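Trainee: Provided below for reference: sequence and predicted model.
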Amino acid sequence: MTHDEQRLRRAGAFIGAGLRDGAFAPQVDRVFDGLDQVVDAHRHLESNVQVGKIVLRPGGAA
């Protein structure tokens, strides 16, 4: 597909439109709060049971 310029342009336009209008949104599998949960987040990632993104956000327990 990447060698066909017309298909590549159509794919780019399709993806760009989906990102702009919010049709394409990441699917979040699990959210881990705080860097103290980085080990648990990594274990979850290694388990290969997730469907979607694994989010590690700052904050959580201090």
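Mentor: On my side now, so go ahead. Numbering: from 1, shown residues only.

Trainee: residue nearest the centroid of the chain?
Mentor: residue 53 (4.4 Å; CA atoms, centre = their mean).

Trainee: so where do the strands sit in the chain?
Mentor: 28-33, 53-57 (DSSP state E).

Trainee: how near is residue 10 to residue 25?
Mentor: Noted for residue 10: a distance of 22 Å to residue 25, by CB to CB, to the nearest Å. C-beta here means a position set from N, CA and C on the backbone, and glycine is covered the same way.

Trainee: which one of these two has more residues nearby?
Mentor: Neighbour count, other CB atoms under 10 Å: between residue 10 and residue 25, residue 10 has more, with 12 against 8.

Trainee: Residue 56 pairs with what?
Mentor: residue 32 (DSSP bridges).

Trainee: so who does it touch?
Mentor: If a contact means CB atoms under 8 Å, 6 or more residues apart in numbering, then residue 56 has 31, 32, 35, 37, 38, 41 as its contacts.

Trainee: Please check the residues you listed and keep the buried ones.
Mentor: For the contacts of residue 56, a burial check counting by 16 or more other CB atoms under 10 Å picks out 32, 37, 41.

Trainee: can you put the strands of the chain in CSV and add mean pLDDT and distance to residue 18?
Mentor: CSV is the format used below for those (pLDDT from 0 to 100; distance: least, CB to CB, whole Å):
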stretch, mean pLDDT, distance to residue 18
strand 28-33, 96, 17
strand 53-57, 94, 17
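
Trainee: Pipe those into CSV and attach distance to residue 46 per row.
Mentor: Output for the strands of the chain, formatted as CSV (distance: least, CB to CB, whole Å):
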stretch, distance to residue 46
strand 28-33, 13
strand 53-57, 10
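
Trainee: which one's the longest helix in this structure?
Mentor: helix 5-21 (DSSP state H).

Trainee: about what we covered before: which one among the contacts of residue 56 gets closest to residue 14?
Mentor: residue 31 (28.9 Å; CB to CB).

Trainee: Run a quick neighbour tally on the closest residue to that closest one other than its chain neighbours.
Mentor: Counting by CB to CB, 6 or more residues apart in numbering, the nearest residue to residue 31 once its immediate chain neighbours are dropped is residue 55, at 4.5 Å. Neighbour count of residue 55, defined by other CB under 10 Å: 13.
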